[in-house]
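Asker: got a predicted structure plus its sequence, pasted below:
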Amino acid sequence: MNTIIAASAIAVGSWISVPGGAWTPDPEAMAKLQSSIRPFVVEQAALTEHKLPAWSSYTFQYQGQLRGRTKIIFVNAFCAPPPANARKQLVVVLDGGPCYFTLKYDPGQRKFFDLQFNGVA
């Protein structure tokens, strides 16, 4: 029984594709996103005086969405251990500060936008 539970656990640091998007990002788009997200988020956090937890503590969900006719990749990041349903639906957390953030990535332009860090209650 423990083997089944361990096999279904989601590792911290994972990139999890969440179903229900308008399109499926290809490996090339995901590689470019993954290689450039950290410098962007770290820079924006410094500019807005947000103190990020260790980058290795984050898990990322992503979903291919449309903004008008433009394909974008929605990214949801959280530094808490992933819940069991993280493969099925986006994790929504209120508050929590920069441990939780969302952003969008335009793979055609190779640009991030709409970065939002959670607030603190």
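Answerer: Done, it's in.

Asker: for this structure, just list every one of the strands.
Answerer: In the chain, the strands defined using DSSP state E lie at 15-17, 59-67, 70-78, 100-106, 111-117.

Asker: helices or strands up against the first one?
Answerer: Spelled out, it's strand 15-17. With contacts taken as 3 or more C-beta pairs under 8 Å, 6 or more residues apart in numbering; DSSP states H and E, strand 15-17 sits against strand 59-67. Heads up, the C-betas are built off the backbone N, CA and C, glycines and all.

Asker: can you name the residues in contact with the strand it packs on?
Answerer: Contact with strand 59-67 is made by 10-25, 30, 33, 37, 71-79, 81-82, 86, 90-91, 104, 106, as judged by C-beta atoms under 8 Å, 6 or more residues apart in numbering.

Asker: now which of the residues you listed would you call buried?
Answerer: Taking 16 or more other C-beta atoms under 10 Å as the criterion, what is buried in the contacts of strand 59-67 is 10, 16, 18, 21, 25, 30, 33, 37, 71-79, 82, 86, 91, 104, 106.
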